[in-house]
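Novice: A structural model of the following input is requested.
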Amino acid sequence: MPLTISLEQQVMLAINITLALVLSSIIGMNRGRSNKSAGLRTHMLTGTGACVFTILSMYAFPGSESARVAANIVTGIGFLGGGIIIQKKDGALDVTTAAGVWATAAIGMACGVGAWFLASYVTLAVWVTLALLKRAKVFNDAEAKPEVVPAQAHIMHPKLDTNTFLAVEQKIANG
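Specialist: Modelled structure (predicted):
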């Protein structure tokens, strides 16, 4: 079966893909600046790929159930996010980054169906969550944890015997 998307439709859909790329990059830049394992390129590819899969499910396979593709995008991105999370003894790292990748896929899917306002709004909401609420978390963590002051180390000269040191200290104390 030949592709049923006209050239004019493809050009219009390319605008949706470009929007997905740009909006995903906003989330990716935030994660990249935080030196996270999934940064700019990962988020851009996730959002763009989700957008293209969504577009293809709607236009390239007429008569098929496009909701199945959407469900599989969510599942696939969940698998990708699971690979991003690093499990350690005292907790897990990059859970927020994995959730950001998942949200970026949703932004790409919104762009794929032409919901540009919704995609833009969600991008703003995710960015606020990642950028501004991080500052609130840092502020709360600073209040919760006591300040640790490093102790000053006293190093004795290797030729000094501790008995000699104690004798000098006792002589000073006695006057």
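Novice: From the centroid of the chain, which residue is nearest?
Specialist: The residue lying closest to the centre of the chain (CA atoms, centre = their mean) is T97, at 2.4 Å.
Novice: Now it. Nearest residue, chain neighbours left out?
Specialist: K36 (4.3 Å; CB to CB, 6 or more residues apart in numbering). (Each C-beta comes from the backbone N, C-alpha and C, glycine too.)
Novice: So which elements touch the host helix or strand of L80?
Specialist: Element membership of L80, judged by DSSP states H and E, is helix 66-84. Counting by 3 or more CB pairs under 8 Å, 6 or more residues apart in numbering; DSSP states H and E, the packing neighbours recorded for helix 66-84 are helix 40-59, helix 95-112.
Novice: Could you pull up the mean pLDDT of it?
Specialist: Helix 66-84 comes out with an average pLDDT of 86.
Novice: Could you give me the buried positions within that helix?
Specialist: For helix 66-84, a neighbour-count test (16 or more other CB atoms under 10 Å) marks S66, V69, A70, I73, I77, L80, G81, I84 as buried.
Novice: My guess is the fifth one contacts W102. True?
Specialist: Yes - taking CB atoms under 8 Å as the contact criterion, I77 and W102 are neighbours in contact, 5.3 Å apart.
Novice: what about A92, helix or strand, and which?
Specialist: Judged by DSSP H and E, A92 forms part of strand 91-93.
Novice: I85 and T96 touch, don't they?
Specialist: No - applying CB under 8 Å, one finds I85 not in contact with T96, separated by 9.8 Å.
Novice: so where's the protein uncertain?
Specialist: Residue ranges of the chain with pLDDT under 70: 1-3, 136-175.
Novice: what about G114, neighbour count?
Specialist: For G114, the count of nearby residues is 17 (other CB atoms under 10 Å).
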